[in-house]
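> I need the structure of the sequence given here:
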Amino acid sequence: MDKYLHCLQLADEKLMDLSIRFRREMDKGLCRDTNPSAAVKMLPTFVRSTPDGTVTANGEQKVKMENQIYAIPEHLMRGSGSELFDHIADCLANFLEKLGIKDQKLPLGFTFSFPCQQTKLDESILVSWTKGFKSSGVEGKDVVSLLRKAIQKRGDFDIDIVAVINDTVGTMMTCGYDDHHCEIGLIVGTGTNACYMEEMRNLELLEGDEGRMCVNMEWGAFGDDGALEDLRTEFDREIDADSLNPGKQRFEKMISGMYMGELVRLILVRMTKEQLLFQGQATAELLTTGHFKTSYIFQIENDKEKEGLLSTEKVLQSLGLDPSVEDCVATQRVCQIVSTRAAHLCAATLVAVLRQIRDNKAAEKLRTTIGVDGSVYKNHPQFARKLHKMVRRLVPDCDVRFLQSQDGSGKGAAMRVLDTLRLSRDQLLEVKKRMSAEMVRGLSKQTHEKTSIKMLPTYVRSTPDGTECGDFLALDLGGSNFRVLLVRVQSGRRHNVEMHNKIYTIPQDTMQGTGEELFDHIAYCLTDFLEYMGMKAASLPLGFTFSFPCQQNKLDQGILLKWTKGFKASGCEGKDVVMLLKDAVRRRQEFDLNFVAVVNDTVGTMMTCGYEDPKCEVGLIVGTGTNACYMEEMQNIELVEGDEGRMCVNMEWGAFGEHGELDDFCSQFDRDVDEFSASPGKQRYEKMISGMYLGETVRNVLLDFTTKGLLFKGKLSERLKTRGIFETRFLSQIASDRLALRQVRSILQHLGLTSSTCDDSVLVKEVCSVVARRAAQLCGAGLAAVVDKIRGNRKLEQLFITVGVDGTLYKLHPHFSSIMQETLRDLAPQCKVTFLQSEDGSGKGAALITAVACRMNGDEQR
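Numbering: from 1, shown residues only. Okay, here's the model as predicted:
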């Protein structure tokens, strides 16, 4: 097969040569002297900028759309131009009437996806029809005037045609709304085309050198002057000769969906005639032009080989053939070769565009985004991957992101839903402002009870000084798995801490049973660990990392305010957890605890990092839950006597929003997650940020999209209906830049969504991205309030500080930390923040706090 179709397989060197040729064609199109004879016309669009986020309606940066799809009958596509535009005017009138706005004169953006010569934004002369259109009396005319005449003929409505744009330009602008790096638009569907932002100084067809303008390349015509003759095969020439526009759009005929199926059909016919397929027996259906649809290729090239061969068999049988297994394999290979060539040709020309932009910017390495749309790109299971791979191979010095345009279909509706989960800079600043206000209220004796952020004193007043020594137990309880550790701290040798640990599980019924059962289970595990370490009957100090909101009046006491993270053990809230633990230990009578320091995991994280970096004065956890602590001035902590020095404050910021502070920023999905959680109305900030809830937020969005028919063909799986089934780790896996979409699909299949498509995978990835991005931004806004508070306390123009961080979401999600840090830099520009990842803050940190407390107690006794 490969030998027979060798002419369709292009080596990298050939593709590089093609890219250089295309770059020359671009130059011809841009130059005033050579443009008239250039095949690639490089048409100015008079679009001077991509969206910058300031385009608003009623002060809000949102895009809301209503749409209706209308068919154009084939006889109108090839009839008279006046009939075609009358039909368009009729459809417009019908649409306006449905929306009840026929009496309003609205501005109209007219996406006219054919090669046009524009002299201004609202005037567009059709150069030539493509994609099967042949309406008479339109070529050489201004399509805006033709549409205006048709509307005036009706006389029952009026519109203001503000802009004529090409669909490729529309794709770039749509993607540019979400990603401001987007400066290239690409369509690979029924036809193919590209546009990009060119420097005005290079556009010789227009006056002016300042700024940039989008150029509609009309690259489908590449090769119309013979520039592709050495690459065109006999099959390409046959397609061209039999088309509606022989000699035109030659590049498009080698790439686009309108011709791809026909190209495969011609190859199969030739191979059949040469006795290489179907025992030399062709059928009338196979011999009929247009009977092998491009959509068949999408089915045949299925990711799963067996399913692909099964589809191949069905397609060939529908053409009246009786294929053998070998026929099916051969047909599949023909499809692969044809689609791979299309993807590689497209990549070669894209590379020329990327090099042009890079040279324009005189950049060593270009970072840019390409907005893409079109049925071939979106629906072919392999096309996008092949295109991306070849582009990156040919221009390794360009960092290219491909962003699929979601406009114009149900996916557009999906993007509008996702807008409720996107936060603007102004909204993030407001979150920071409200967090700052709640922090002050939490520190005040008068308002402490009424605030959502409790700002709890931890009685941790000092960091390790290196003189601590001895054996310390640490108990780390913050979820359904907990650890017991033995930590050996050696005196005088900083950074020399030896640790041993064992992980134990708390059964669900124990988490939600009685407090006595829970603490008896913990005491049993402590006994087991000491026995495991050969230290049975020991009496040791213990650092108890208890990662739940507690009121502390001293270091060795912790009154549980409320359970979080799915715990519901009765008889604990309002009680001292140290006494509950000591009582359970006494009941066992097998060992003793001579001192217990209650430590929050966030404080432990700060202490562990403080052991490495003395500038570390903030602790942050973003894992199953989320919380922060920091060193506050004693004079500001009104709940504790004394004004000298500082004390670590455990913010318990997960509860932010319990008094309505976040209602403006919550979506319906957040409200659903909260309503069906174990603690409705509580921990609202945590539910928008932490690992325990993000997967559930995504699941709610996917349920909504599926119910609306935007995902999975509207079919819900039983597993997707199950609360908690979409684990937060899936967000990290799906967001990983290294994952191919088929791996995203494997996660969906695990969720019972076995018929998910590539399109579904793209949308699911976008949902995960939006939910995780918002979480990171909210976290960054909260942290900005914390570091700015410290800067204000110390009356500094510029604060240099380190934040110790821990938590699975922060550590494992590929983009969470960078988005959070970017948000922090933006919202607190006067604070230079270094992040230090904690190594076992809840274990090692708890032991260090206990060691410091024992040292200080010893000093006091001496």
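> So which residue is smack in the middle of this protein?
residue 769 (2.4 Å; CA atoms, centre = their mean).
> Okay, and it sits in which element?
helix 758-793 (DSSP states H and E).
> which residue sits closest to the residue nearest to the centre of the chain, ignoring its sequence neighbours?
residue 735 (6.1 Å; CB to CB, 6 or more residues apart in numbering). Where you see a C-beta, it was placed from the backbone N, CA and C, and this is true even at glycine.
> what pLDDT does the one you found get?
The score at residue 735 is 82. That number is its pLDDT.
> in the stretch 351-500 of the chain, which spans are strands?
Along the stretch 351-500 of the chain, counting by DSSP state E, counting those that start in this stretch, strands occupy 366-373, 398-404, 456-457, 470-477, 481-489, 497-505.
> Mind putting those strands into a markdown table with mean neighbour count?
What follows is these, written out as a markdown table (neighbours: other CB atoms under 10 Å):
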| stretch | mean neighbour count |
| --- | --- |
| strand 366-373 | 22 |
| strand 398-404 | 18 |
| strand 456-457 | 23 |
| strand 470-477 | 23 |
| strand 481-489 | 21 |
| strand 497-505 | 14 |
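> how about a markdown table for those strands, with mean pLDDT and distance to residue 624 added?
Listed next are the strands of the stretch 351-500 of the chain as a markdown table, based on pLDDT from 0 to 100; distance: least, CB to CB, whole Å:
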| stretch | mean pLDDT | distance to residue 624 |
| --- | --- | --- |
| strand 366-373 | 93 | 34 |
| strand 398-404 | 91 | 31 |
| strand 456-457 | 91 | 20 |
| strand 470-477 | 88 | 12 |
| strand 481-489 | 88 | 10 |
| strand 497-505 | 89 | 15 |
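> Which of the ones you listed sits closest to residue 824?
In terms of CB to CB, the element of the strands of the stretch 351-500 of the chain nearest to residue 824 is strand 366-373, at 21.7 Å.
> So which other helices or strands are in contact with that closest one?
helix 167-178, strand 182-188, helix 325-361, strand 398-404 (3 or more CB pairs under 8 Å, 6 or more residues apart in numbering; DSSP states H and E).
> Who does that strand pair with, and is each partner parallel or antiparallel?
When pairing is defined by DSSP bridges, strand 366-373 lines up against strand 182-188 (parallel), strand 398-404 (parallel).
> The first one vs helix 325-361, what angle?
Relative orientation of strand 182-188 and helix 325-361, computed by axes from the mean of the first three to the mean of the last three CA atoms, to 10 degrees: 150 degrees.
> quick one: whatever helix or strand comes next after strand 182-188 to helix 167-178, angle?
Sequence-wise, the next helix or strand downstream of strand 182-188 (DSSP H and E) is strand 192-199. Strand 192-199 runs at 60 degrees relative to helix 167-178, counting by the same axes, to 10 degrees.
> helices or strands next to strand 192-199 in the packing?
helix 167-178, strand 182-188, strand 212-216, helix 250-255, helix 325-361.
> Of those, which is nearest residue 471?
helix 167-178 (55.2 Å).
> returning to that earlier point: so who does the residue nearest to residue 769 touch?
When contacts are counted by CB atoms under 8 Å, 6 or more residues apart in numbering, residue 735 touches 765, 768, 769, 772, 813, 814, 815.
> quick one: low-confidence parts of the stretch 51-200 of the chain?
51-67, 119, 121, 161-165 (pLDDT under 70).
> hey, where'd the strands end up in it?
106-111, 116-120, 123-126, 159-165, 182-188, 192-199.
> Strand partners (parallel or antiparallel) of the next helix or strand after the helix holding residue 769?
Downstream of helix 758-793, the next assigned helix or strand under DSSP H and E is strand 799-806. Applying DSSP bridges, strand 799-806 is found paired with strand 616-622 (parallel), strand 831-837 (parallel).
> contacts for the first one?
Which is strand 616-622. So strand 616-622 is contacted by 547, 601-607, 609-610, 626-631, 648, 689-691, 779, 783, 786-787, 790, 801-807, 809-810, 816, 820, 836, 838, 841 (CB under 8 Å, 6+ apart).
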